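[1] The following comprises the amino acid sequence and a computationally predicted model.
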Amino acid sequence: MKNIKQTIIRLLYANAKLRDNDSDLIANIWLLEVGYGNLSKMSAVDLLSLFANGKLTSPETIRRQRQKIQELHPNLRGKSYTHRQREQINVKSFLKSY
């Protein structure tokens, strides 16, 4: 996929569920890369072969791009972002006390 960043932005706007779930986001991107018609004809071995041969975008690339996009575009952050930020304050306080 030529521009993974634009694809991720489009998917995050289209489906809020993907903002908090990297596995779903990765699956959606791979579905776009392979094509639904092709995917329905593939075996799991075929899909793994595509991944192993670098024909599918790396999950780490997808995760990092999603993370950067959400850093720059607060409106694309998921529900868990606020929760994690609150927990971060608690953890910092706890660690400082030791």
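    That came through fine. Residues are numbered from 1 along each chain as shown.

[2] Just give me how far the longest helix along the chain sits from the chain centre.
    The longest helix of the chain (DSSP state H) is helix 79-96. Distance of helix 79-96 from its chain centroid, counting by C-alpha atoms, centre = their mean, to the nearest Å, is 22 Å.

[3] Repeat that for stretch 10-24.
    Using C-alpha atoms, centre = their mean, the offset of stretch 10-24 from its chain centre is 7 Å.

[4] Just the buried residues of it, please?
    Buried positions in stretch 10-24, judged by neighbour count with 16 or more other C-beta atoms under 10 Å: L11, L12, L18, R19. No exception for glycine: its C-beta is placed from N, CA and C like everyone else's.

[5] would you turn the residues you listed into JSON lines with pLDDT, secondary structure and distance to L95?
    Below are the buried residues of stretch 10-24 laid out as JSON lines (pLDDT from 0 to 100; DSSP: H, G, I helix; E, B strand; the rest coil; distance: C-beta to C-beta, whole Å):
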{"residue": "L11", "pLDDT": "98", "secondary structure": "helix", "distance to L95": "35"}
{"residue": "L12", "pLDDT": "97", "secondary structure": "helix", "distance to L95": "32"}
{"residue": "L18", "pLDDT": "97", "secondary structure": "helix", "distance to L95": "32"}
{"residue": "R19", "pLDDT": "96", "secondary structure": "helix", "distance to L95": "28"}
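
[6] nearest to K96, of the residues you listed?
    Nearest to K96 among the buried residues of stretch 10-24 is R19, at 30.7 Å by C-beta to C-beta.
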